[in-house]
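Asker: next comes the sequence, and after it the predicted model I'd like to discuss.
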Amino acid sequence: MNDPKWQNEFAKYSNNKQNEKNGVSEARFRDNGFLRYWFRGVEKFAPWVRKIHFITYGQKPEWLDVSNPKINIVRHEDFIPAQYLPTFNSVVIERYMHKIPGLSEHFVYFNDDFYIINNVAEERFFKNGLPCDIAVFDYNPSWSQWYKRIKNNIRIINRHFDKKVVVGQWHDKWFNKSYGAKARWNYILKYYDRFITLRTPHNAQPYLKSTFDEVWAAAG
């Protein structure tokens, strides 16, 4: 956030010039110098990673060896449609990640506040070619800042999927013992006909690029 160009653009488009809200507070964007350890963690503990697509507003850390063949600097304009730029919203960035040139069909999405600090195998993220995920309902109150986005997503899901059919077909995935207390809403909403909300873990999340294409096609 110390980049003057970024600061000027952010101030121009921010609806809160005083930076009082959490969404635009200095704490949300400040650089504590930790990012380099993210790259070191991947190199040391996940050597199986083929390529790192490093998404930035255009900044390039002076300490980063961009000549490393495993690193690809990706700017927002490289994959996000021009009519949605500039953006300072991670949701917009996430919606278009599958458009990153050269992105693998199997990829893991990291925010900059998740670090690999011990050996991790590829099987932590993918098994039998599929992402490792959690099938759990959650409670998202209407006052949540994410409520409208989640409500829109659930509307699309209910349009294309019958909850009772899905849960019945994959019962062991929805009521897996490994979920522990996280699955309580699965039991509470078991007899409800429609999807209400889904838990989206705030962690390193594995995806299939083709899933994005399928969702976009269904939502469009």
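Answerer: That came through fine. Numbers count the residues shown, from 1 in each chain.
Asker: domain map for the protein?
Answerer: 31-127, 134-200 (automatic domain parsing).
Asker: what's around Glu77, how many residues?
Answerer: By other Cβ atoms under 10 Å, 12 other residues sit near Glu77. Just so you know, the C-beta spots here come from the backbone N, C-alpha and C atoms, and that holds for glycine as well.
Asker: I'd guess it is in a helix, am I close?
Answerer: Yes: according to DSSP: H, G, I helix; E, B strand; the rest coil, Glu77 belongs to a helix.
Asker: in this structure it contacts Gln83, no?
Answerer: No: judged on Cβ atoms under 8 Å, Glu77 makes no contact with Gln83 at a distance of 11.5 Å.
Asker: the longest helix in this protein is where?
Answerer: helix 147-160 (DSSP state H).
Asker: show me where this structure has strands.
Answerer: For the chain, the strands defined by DSSP state E cover 52-56, 71-75, 106-109, 126-127, 130-131, 205-208.
Asker: okay, these in JSON lines with distance to Ile93, mean pLDDT and mean neighbour count next?
Answerer: Converted to JSON lines, those look like this (distance: least, Cβ to Cβ, whole Å; pLDDT from 0 to 100; neighbours: other Cβ atoms under 10 Å):
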{"stretch": "strand 52-56", "distance to Ile93": "6", "mean pLDDT": "95", "mean neighbour count": "18"}
{"stretch": "strand 71-75", "distance to Ile93": "10", "mean pLDDT": "96", "mean neighbour count": "16"}
{"stretch": "strand 106-109", "distance to Ile93": "10", "mean pLDDT": "97", "mean neighbour count": "18"}
{"stretch": "strand 126-127", "distance to Ile93": "22", "mean pLDDT": "96", "mean neighbour count": "14"}
{"stretch": "strand 130-131", "distance to Ile93": "19", "mean pLDDT": "95", "mean neighbour count": "13"}
{"stretch": "strand 205-208", "distance to Ile93": "13", "mean pLDDT": "96", "mean neighbour count": "18"}
